[in-house]
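> Sequence plus the predicted model coming up.
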Amino acid sequence: MSGTFSTNSTDRKHLTGDVNLLDLIHLEDLQQLQDALAQFGCVKSVICDPDGHPLTEPSNDLSLCQMVRKSSAGAEDCLQNFQLLSEKIKTNQTSIIDTCAHLGILKAAVPIIIQGQHLANWWISQWCPEMADPTKLQQYALRIGIDPTQLLTEADICPRGTRREFERVLVWIESLAQQITQLGYKNLLLARDLSKMQGLEEELNRYKSELEKLVQDRLSEILNMNQRLKLEVLEREVTGEQMHRESKLLDAINQVLEQIFVDRSEHALAKTFVRVAQELTASPFGFMVEQQEVGGWRVVAEVRQGDDERVQAKSHIIKRFEMNSFWQELVDTGEAFATQAPQSRSPWQPLPKSYPDIKTLLAVPLPSEAGIAGFIGLANNPRGYAYIDQTDVQTLSRSFSKALRQARHEQAQHLSEKRLNLALDSAGEGLWDYLPKLEQIYYSPRWFEMLGYNTGELPYSFETWITLTHPEDLPILEGTFENVSKSVENAFQIEIRMLTEKGQWRWFQVRGRTVERDDEGAVLRMVGTLIDISKHKQVELALQKANEELLRLAALDDLTQIANRRRFDERLADEWRRARRDSSPLTVILCDIDYFKDYNDTYGHVKGDETLYAVAQAINGVLKRPMDLVARYGGEEFAMILPNTDLEGAARVAKKVKMAIGSLCIKHRASAVSEYITLSYGISSEIPNGDTSPKNLVEKSDKALYRAKGLGRNRIVQFDPEMSEIR
């Protein structure tokens with residue numbers, strides 16, 4: 001019989017730290033049990049720790065032993081014999097029976113051992129007459145200095161029994177002690193599990209509170225960010241609306257200017273001016289009045305929305321216009337007039353009988369410096385006319401007036417002198433005029449001025465334009481001119497960068513239109529404008545950069561400055577589709593810091609955050625390929641995506657990461673596996689197909705990581721099918 005008590009493998013995995021016998025059974029219960037068993041078995045009984053110190057008071061102490069211990073020599077003999085047997089039990093860790101031959105006393109001890117830990121010895125003893133020798137007893141009494149007769153008398157009154165009875169009691173005690181101790185041990189495990197569960201519940205509540213606070217903080221941050229985004233979008237919309245309005249104005253000016261090359265008659269130019277002004281201000285009706293040298297004030301152009309060509313042809317007839325005080329004051333003061341809403345009172349009456357009933361009106365006098373006396377009237381926009389309508393028409397009227405004066409002047413000049421530089425200058429545009437077959441091009445003074453050069457300082461050749469164009473935009477410029485020359489398209493608009501005289505790259509909008517083709521459709525002449533749009537481009541690029549930065553921050557973990565969980569999920573889905581298409585392996589490594597909660601409890605959360613950042617950067621430093629990604633997967637857990645990598649290659653990467661973490665030498669005295677920070681790693685790899693998903697790959701890595709922790713942490717474990725039943 002072994003006489004020992006130990007836990008099985010199922011119980012053993014729950015035990016942590018040292019266990020004391022009194023943790024398993026209360027001292028009072030132990031004492032009562034010992035007293036009852038001693039009385040029932042007619043034996044002396046006591047329970048001691050492994051070094052021989054009593055844990056209970058002796059039960060049924062033998063009077064024979066009490067008399068022997070009254071002698072100093074007898075007490076010394078008892079102590080030495082007790083210590084000798086205790087050491088023997090420590091070594092063998094099994095029950096032992098011994099005798100005091102000179103007294104005829106049997107004694108035995110049952111060791112109580114749990115998970116290799118020696119908790120106590122249960123001692124019993126009994127006087128056995130069949131083993132006693134009166135002669136030896138008397139001799140021993142004389143040797144230790146007590147009365148032999150008295151010692152014999154004490155022996156006669158001692159509880160007695162046979163060796164067989166003693167051994168039967170010993171077996172009984174061994175069995176009972178084992179069962180009672182095992183029951184106490186299970187109760188201890190339950191108590192510890194309950195305590196652990198209570199601790200976990202408290203920790204969970206704490207994490208819940210922290211998470212709720214984090215969610216509130218993050219929500220507040222998102223709301224602030226959302227407000228900033230709304231402001232940026234509003235700013236962008238306002239800027240876009242302004243650019244759209246300016247673009248419409250520039251297009252109107254271009255149409256007026258292009259009319260000079262199509263039909264240089266003053267009536268056609270005035271007609272185009274009224275039409276584009278009408279379109280610019282959304283006016284159903286428009287007209288232009290000019291003072292003639294002979295015949296007074298005349299309507300030189302009018303446009304009605306929806307009129308067909310026949311009606312438009314009749315409107316070419318110049319009509320007399322009756323001036324009243326309203327119109328005369330408009331011309332004399334040079335100040336525009338605009339209604340903000342429909343009006344019942346009409347100070348502009350009378351008008352020609354053929355005109356519609358006018359409820360809203362925008363009237364803009366033509367610039368006096370142009371040498372033309374007159375005005376343009378735009379009517380019946382149901383919303384009325386805003387200040388921007390007035391300023392746009394004034395700008396357009398200046399271009400028209402200067403273009404008209406220039407047209408009149410060019411009638412007596414050579415073709416090379418008939419350029420609309422003054423009109424374009426008023427709109428901030430440069431003019432170019434290109435004759436492809438002759439390889440000749442003309443640049444207006446304003447074209448040179450916008451680039452910082454004096455007029456004619458650079459050669460009048462298309463090569464000059466090519467030389468000044470940014471290398472990245474050169475294919476756009478050359479390709480556009482080539483496409484226009486080969487197609488039936490007559491107009492184009494592009495944006496390119498050009499080098500100024502000061503060495504700066506500025507953005508320009510290039511507009512062009514074919515105005516003359518030969519009988520075979522080949523382009524003979526193209527004209528257009530150059531507009532500086534650098535300011536608008538800067539706003540557009542700034543908004544684009546801000547949007548890119550917001551997207552980058554949305555995919556970045558604030559603490560570790562590596563990819564966050566959201567970016568990991570997106571990237572894994574992309575790489576999964578790519579690997580499935582290419583039939584290539586895709587690997588995921590999950591790892592987390594061993595005993596990190598204990599690290600935070602020991603060193604504080606600030607130090608914990610620093611360690612998370614250091615570990616993240618160390619892992620990121622190992623991944624050299626642009627296609628590889630490391631992300632903070634959650635808490636102290638990190639995830640790596642390794643495209644086109646099998647298990648063998650992933651294991652090499654994991655070993656390099658392990659070495660990199662080790663080289664950090666971050667102290668961790670609360671770790672059970674090392675004095676420094678370590679990580680556990682789980683690896684899984686597969687070639688994707690239609691039967692699996694990225695989620696399965698992550699779950700396999702998670703199972704491998706779980707196995708790495710179960711095997712003692714600080715190790716690398718690859719997934720195998722046997723792990724499918726884990727958790």
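Noted; the coordinates are in hand. Numbering: from 1, shown residues only.

> CA only for contacts and neighbour counts going forward, please
Will do.

> In the stretch 151-300 of the chain, where is pLDDT below threshold?
Applying pLDDT under 70 to the stretch 151-300 of the chain picks out residues 184, 191, 230, 232-242, 259-264, 293-295.

> ok, which stretches of it are strands?
Per DSSP state E, counting those that start in this stretch, the stretch 151-300 of the chain carries strands over the ranges 285-291, 297-304.

> now the ones you listed as JSON lines including distance to residue 455 and mean neighbour count?
What follows is these, written out as JSON lines (distance: least, C-alpha to C-alpha, whole Å; neighbours: other C-alpha atoms under 10 Å):
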{"stretch": "strand 285-291", "distance to residue 455": "35", "mean neighbour count": "22"}
{"stretch": "strand 297-304", "distance to residue 455": "36", "mean neighbour count": "22"}
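
> want to throw these into CSV with distance to residue 461?
Converted to CSV, the strands of the stretch 151-300 of the chain look like this (distance: least, C-alpha to C-alpha, whole Å):
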stretch, distance to residue 461
strand 285-291, 40
strand 297-304, 39
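
> do you know which of the ones you listed lies nearest residue 180?
Evaluated over the strands of the stretch 151-300 of the chain, closeness to residue 180 peaks at strand 285-291, with 109.1 Å, by C-alpha to C-alpha.

> ok, that closest one: who's next to it in the sheet?
Strand 285-291 has these partner strands in its sheet, going by DSSP bridges: strand 297-304 (antiparallel), strand 374-379 (antiparallel).

> tell me, which of the ones you listed is the model least confident about?
Ranked by mean pLDDT, the strands paired with strand 285-291 bottom out at strand 297-304, which scores a mean of 87.

> Would you map the strands across the stretch 551-700 of the chain?
586-593, 629-634, 637-643, 679-686.

> Distance to residue 362 and mean neighbour count for those strands - can I get that in TSV?
Listed next are the strands of the stretch 551-700 of the chain as TSV, based on distance: least, C-alpha to C-alpha, whole Å; neighbours: other C-alpha under 10 Å:
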stretch	distance to residue 362	mean neighbour count
strand 586-593	69	26
strand 629-634	63	22
strand 637-643	66	23
strand 679-686	73	26
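
> okay if I get the ones you listed as CSV plus distance to residue 472 and mean pLDDT?
Conversion of those to CSV gives the following (distance: least, C-alpha to C-alpha, whole Å; pLDDT from 0 to 100):
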stretch, distance to residue 472, mean pLDDT
strand 586-593, 37, 96
strand 629-634, 31, 94
strand 637-643, 33, 96
strand 679-686, 42, 96
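
> Could you work out which of those reaches nearest to residue 530?
Nearest to residue 530 among these is strand 629-634 (46.3 Å), distances taken as C-alpha to C-alpha.

> Could you check the angle that closest one makes with strand 586-593?
Orientation check (axes from the mean of the first three to the mean of the last three C-alpha atoms, to 10 degrees): strand 629-634 against strand 586-593 gives 50 degrees.

> can you list contacts of strand 629-634?
Contacting residues not belonging to strand 629-634 are listed as 557, 560, 562-565, 567-568, 616, 619-620, 623, 638-642 [C-alpha atoms under 8 Å, 6 or more residues apart in numbering].

> Can you show me the CA trace of that strand as CSV?
Written as CSV, here are the backbone C-alpha positions of strand 629-634 (Å, rounded to 0.1, in the frame of the first residue of the first chain):
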residue,chain,number,x,y,z
LEU,A,629,1.0,44.0,-43.5
VAL,A,630,1.1,44.1,-39.7
ALA,A,631,-2.0,45.4,-37.8
ARG,A,632,-3.1,45.8,-34.3
TYR,A,633,-5.8,43.1,-34.1
GLY,A,634,-7.0,44.1,-30.6
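
> Next, count neighbours for residue 153.
Counted by other C-alpha atoms under 10 Å, the residues lying close to residue 153 total 11.

> any idea how far it is from residue 147?
10 Å (C-alpha to C-alpha, to the nearest Å).

> Ok, residue 286 next?
Distance, residue 286 to residue 147, using C-alpha to C-alpha: 148 Å.

> and what of residue 720?
Taking C-alpha to C-alpha, one finds residue 720 at 79 Å from residue 147.

> Can you show me the CA trace of the strand ranked longest in the chain as CSV?
In the chain, taking DSSP state E as the definition, the longest strand is strand 505-517. Presented in CSV, the C-alpha positions along strand 505-517 are these (Å, rounded to 0.1, in the frame of the first residue of the first chain):
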residue,chain,number,x,y,z
TRP,A,505,5.1,75.4,-62.2
ARG,A,506,1.7,76.9,-62.5
TRP,A,507,-1.6,75.3,-63.6
PHE,A,508,-3.3,76.6,-66.7
GLN,A,509,-6.6,75.8,-68.4
VAL,A,510,-6.2,75.5,-72.2
ARG,A,511,-9.3,75.9,-74.4
GLY,A,512,-9.3,75.6,-78.1
ARG,A,513,-11.6,75.4,-81.1
THR,A,514,-11.1,74.6,-84.8
VAL,A,515,-12.3,77.6,-86.9
GLU,A,516,-11.2,76.5,-90.3
ARG,A,517,-10.8,73.1,-92.2
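
> Cool, thanks, signing off.
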